[in-house]
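# Give me a 3D structure for the following:
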Amino acid sequence: MDRTQNEMTPMTIMTSIALRSMVVRQCRQQNLFTEGPNESRSSIRHDVEMPPKKKSDPKKQAGKGNNKDDDGPGKDPAALLTSYKKICVGIGLPPPPHDPIILALKVDGNATSGENDHHGKQIVISAREGEADDNLLGPGHCRALALALSGRGHGLLPPTEAIVFTLATDLRICRSRIGDDGTVAVADMLRMGAKELNISFLELMDCRITTRGAFALGRSLSCSVNTALTSLKLDHNAGFKSEGISALCQGLCTNSTLKNLSVQYCNIDSEGAKSIAEILSFTRSAITSLNLTGNHLGGNGLATLSSQGLSQNSSLMELLVADNGIRSTAEDVSALKIFGKAVSAHPTLTTIDLLHNYIGDEGGQALLPSLQDNKRVHTI
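Numbers count the residues shown, from 1 in each chain. As a prediction, the model looks like this:
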């Protein structure tokens with residue numbers, strides 16, 4: 001009689017026992033058996049401990065903005081201040097009695113947490129009320145600051161301390177005597193540190209800048225040299241004049257990233273209007289706000305700005321030409337008509353300031369036809 005599949009031969013039994021013995025030996029070697037008093041020696045453990053999971057790095061989990069570089073010297077105002085002081089010593093600059101740079105970078109223990117949030121991001125250097133001229137920020141100390149910010153203090157600093165200060169977004173120097181030498185140092189900083197610096201707002205107000213300083217700034221802001229800076233304020237530099245704006249515009253006429261330009265009270269006349277028109281007529285111009293308040297454009301300058309600049313521009317949203325000596329003479333009224341037509345055809349202009357220009361009724365009548373049905377311009 002044939003054996004069924006469920007019947008086991010002696011050979012099959014012996015083979016099964018041998019296999020079981022081999023499994024038991026392997027399990028004992030791997031410590032997979034328990035030997036508790038209430039458990040069988042041959043019971044296989046199912047609660048084998050797994051190695052602990054690696055803890056996630058909270059700095060990495062926090063995202064890109066919170067890596068270890070955030071606390072490095074490139075974002076530490078105290079490290080910048082130390083570099084500045086060492087560079088001053090290295091180039092033989094005596095410390096002024098009330099160094100405005102040290103005051104700007106030193107942590108204020110009485111400041112609120114909100115104010116401290118901007119510490120190092122916004123560097124504001126301004127003269128104190130009634131400060132003597134000799135105590136104003138000069139070109140040498142301005143150069144030392146520029147070197148410290150751009151990490152170019154090689155030879156004056158240990159290599160490990162010559163680091164670009166990437167925290168700063170605003171640099172404002174108001175009422176100083178840095179002149180063209182200090183302005184050239186700032187311009188070199190913008191040019192040499194263009195790829196690493198994050199300064200987007202630069203103000204050099206009442207800093208005694210003339211043509212040479214203006215040219216250096218323009219060169220540093222020419223086509224694709226520095227693309228981080230979006231706002232430039234050069235107000236109250238009386239020595240700027242039309243020659244200065246012409247020198248500046250040699251670079252700015254190829255700039256496609258600057259959005260705000262302010263040159264208030266810089267003694268710019270109708271000749272300077274030609275250079276400003278070149279900026280506006282650049283097809284890739286990104287200028288949205290242009291402040292020319294307090295200059296001397298007159299009717300001729302306004303006509304030039306309108307026919308050669310505004311008529312070819314498609315980015316400007318705000319034009320401020322207050323207090324520019326535009327009168328109600330026949331020549332100026334004709335210029336206002338040209339201006340009105342350019343404004344009427346402009347696709348983006350929404351705000352115009354003509355305050356303190358005594359255009360009279362004649363000038364108002366010249367502007368009225370172009371503005372009364374203009375739905376884009378909402379402030380004039």
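
# the bottom helix or strand of the protein by mean pLDDT?
helix 58-61 (a mean of 43; mean pLDDT, DSSP states H and E).

# The helix or strand just after that helix: how far from the chain's middle?
Counting by DSSP states H and E, the next helix or strand C-terminal to helix 58-61 is helix 77-90. Averaging C-alpha positions (Cα atoms, centre = their mean, to the nearest Å) puts helix 77-90 22 Å from its chain's average.

# Other residues contacting helix 77-90?
Contacts with helix 77-90, where a contact means Cβ atoms under 8 Å, 6 or more residues apart in numbering, come from 73, 95, 101-102, 105-107, 119-120, 140-141, 144-145, 147-149, 153, 155-157, 161-163, 165, 167. For every residue, glycine as well, the C-beta is placed using N, CA and C.

# ok, now with 7 Å
73, 95, 101-102, 105-106, 119-120, 141, 144-145, 147-148, 153, 156-157, 161, 165 (Cβ atoms under 7 Å, 6 or more residues apart in numbering).

# which stretches of this protein form strands?
Per DSSP state E, the chain carries strands over the ranges 122-126, 170-174, 201-205, 231-233, 260-262, 289-291, 318-320, 351-353.

# any chance of those in CSV, plus mean pLDDT and mean neighbour count?
Below are these laid out as CSV (pLDDT from 0 to 100; neighbours: other Cβ atoms under 10 Å):
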stretch, mean pLDDT, mean neighbour count
strand 122-126, 95, 19
strand 170-174, 98, 20
strand 201-205, 98, 20
strand 231-233, 98, 18
strand 260-262, 98, 19
strand 289-291, 98, 19
strand 318-320, 98, 21
strand 351-353, 96, 17
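
# and the ones you listed as a markdown table, adding distance to F215?
Shown next, in a markdown table, are the strands of the chain (distance: least, Cβ to Cβ, whole Å):
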| stretch | distance to F215 |
| --- | --- |
| strand 122-126 | 23 |
| strand 170-174 | 18 |
| strand 201-205 | 14 |
| strand 231-233 | 14 |
| strand 260-262 | 16 |
| strand 289-291 | 20 |
| strand 318-320 | 25 |
| strand 351-353 | 29 |
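
# Select, out of these, the one closest to E362.
Nearest of those to E362, taken as Cβ to Cβ: strand 351-353 at 18.1 Å.

# what packs against that closest one?
strand 318-320 (3 or more Cβ pairs under 7 Å, 6 or more residues apart in numbering; DSSP states H and E).

# Would you mind listing which of the contacts of helix 77-90 are buried?
Neighbour counting by 16 or more other Cβ atoms under 10 Å classes 73, 101-102, 105, 119-120, 141, 144-145, 147-148, 153, 156-157, 161, 165 among those as buried.

# which ones among the residues you listed are found in helices?
I101, I102, L105, H141, A144, L145, L147, A148 (DSSP state H).

# Nearest to G239 among these?
With Cβ to Cβ as the yardstick, the closest approach to G239 among those comes from H141, at 20.5 Å.

# residues in contact with that closest one?
Counting by Cβ under 7 Å, 6+ apart, the residues that H141 touches are C88, L93, I101.

# What of N291?
Taking Cβ under 7 Å, 6+ apart, one finds S262, Q264, L320 in contact with N291.

# Out of those residues, flag the one nearest to N300.
L320 (18.6 Å).

# now the closest one, which residues is it bridged with?
Beta bridges link L320 to N291, D353, judged by DSSP bridges.

# if I pick it, what's in contact with it?
L320 sits next to N291, L292, T293, D353 when contact means Cβ under 7 Å, 6+ apart.

# Against N291, how distant is it?
Here the criterion is Cβ to Cβ, to the nearest Å. By it, L320 lies 4 Å from N291.

# again with A148
30 Å.

# swap in L171?
Taking Cβ to Cβ, one finds L171 at 19 Å from N291.

# cool, I173 as well?
For I173, the distance to N291 - Cβ to Cβ - is 18 Å.

# ditto for S334
In terms of Cβ to Cβ, S334 sits 25 Å off from N291.

# What of T329?
Counting by Cβ to Cβ, the gap from T329 to N291 is 25 Å.

# Not counting sequence-adjacent ones, nearest residue to P369?
G340 (6.9 Å; Cβ to Cβ, 6 or more residues apart in numbering).

# Does the one you found touch L367 like I think?
Yes - with contact defined as Cβ atoms under 7 Å, G340 counts as touching L367 (4.7 Å).

# outside of stretch 155-170, which residues touch it?
Stretch 155-170 is contacted by residues 73-75, 80, 83, 86-87, 90-91, 120-123, 148-154, 193, 196-201 when judged by Cβ under 7 Å, 6+ apart.

# chain center to it: distance?
Using Cα atoms, centre = their mean, the offset of stretch 155-170 from its chain centre is 17 Å.

# try stretch 263-272
26 Å.

# now do stretch 270-286
Using Cα atoms, centre = their mean, the offset of stretch 270-286 from its chain centre is 23 Å.

# ditto for stretch 276-293
Centre-to-centre, stretch 276-293 and its host chain are 20 Å apart (Cα atoms, centre = their mean).

# Now do the buried residues in that stretch.
Quick answer for stretch 276-293 (16+ other Cβ under 10 Å): 276-280, 282, 285, 287-293.

# Filter the residues you listed down to the ones in helices?
Using DSSP H, the subset of the buried residues of stretch 276-293 located in helices is I276, A277, E278, I279, L280.
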